[in-house]
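Q: what would the 3D arrangement of this be:
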Amino acid sequence: MAEQSDPERDPRWDAVRRAAARRVPTPPGLVERVLRAVARGRRTAVEVPGDDGDLRVAETVVTRLATAIAGERAPAGVRVSAVAVEDDAVQVLVSVRFGVAADEAAEALRREVTAELARQLGTEATVNVHVVDVHRD
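A: Residues are numbered from 1 along each chain as shown. Modelled structure (predicted):
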């Protein structure tokens, strides 16, 4: 039976131990974003102005609708990571395939989601698309 070595004595773990010993500072604005997200969770509806009065659409409905639209309309090489309503705008986080022009792909998706939300809700929404990662297929 082969003797098993103690993984804690493996010298390859030295770099991991050094990294774990470093203090990692909290990213600027993280606490405020978390608190905003918690407060947003109490928000129940998004007001959609209309000719016959305002329509109240649950924020979760807007988020799900925007998620479906973004997933269907994403250009080739773009993966939708997350969608949320924050700061009175639809925020779409995406990953682009290595080699795809990120700015052009994000702008194309922003236009598509904005137009389809306007068509389905009857009013234009602010949509922001953020490229947060690059992937390889």
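
Q: quick one, strands of this structure?
A: 45-48, 55-58, 78-86, 89-97, 127-135 (DSSP state E).

Q: name the residues of the top helix by length along the chain that are buried.
A: In the chain, assigned by DSSP state H, the helix with the most residues is helix 102-121. Residues of helix 102-121 classed as buried: 102, 105, 106, 108, 109, 110, 112, 113, 114, 116, 117, 121 (neighbour count, 16 or more other Cβ atoms under 10 Å). Placement of C-beta: from N, CA and C, glycine included.

Q: for stretch 94-105, measure first residue to last.
A: From its first residue to its last, stretch 94-105 covers 10 Å (Cα to Cα, to the nearest Å).

Q: and it, how far out from the chain middle?
A: The chain centroid and the centroid of stretch 94-105 are separated by 15 Å under Cα atoms, centre = their mean, to the nearest Å.

Q: next: stretch 46-66.
A: That offset, for stretch 46-66, works out to 20 Å (Cα atoms, centre = their mean).

Q: cheers, nothing more for now.
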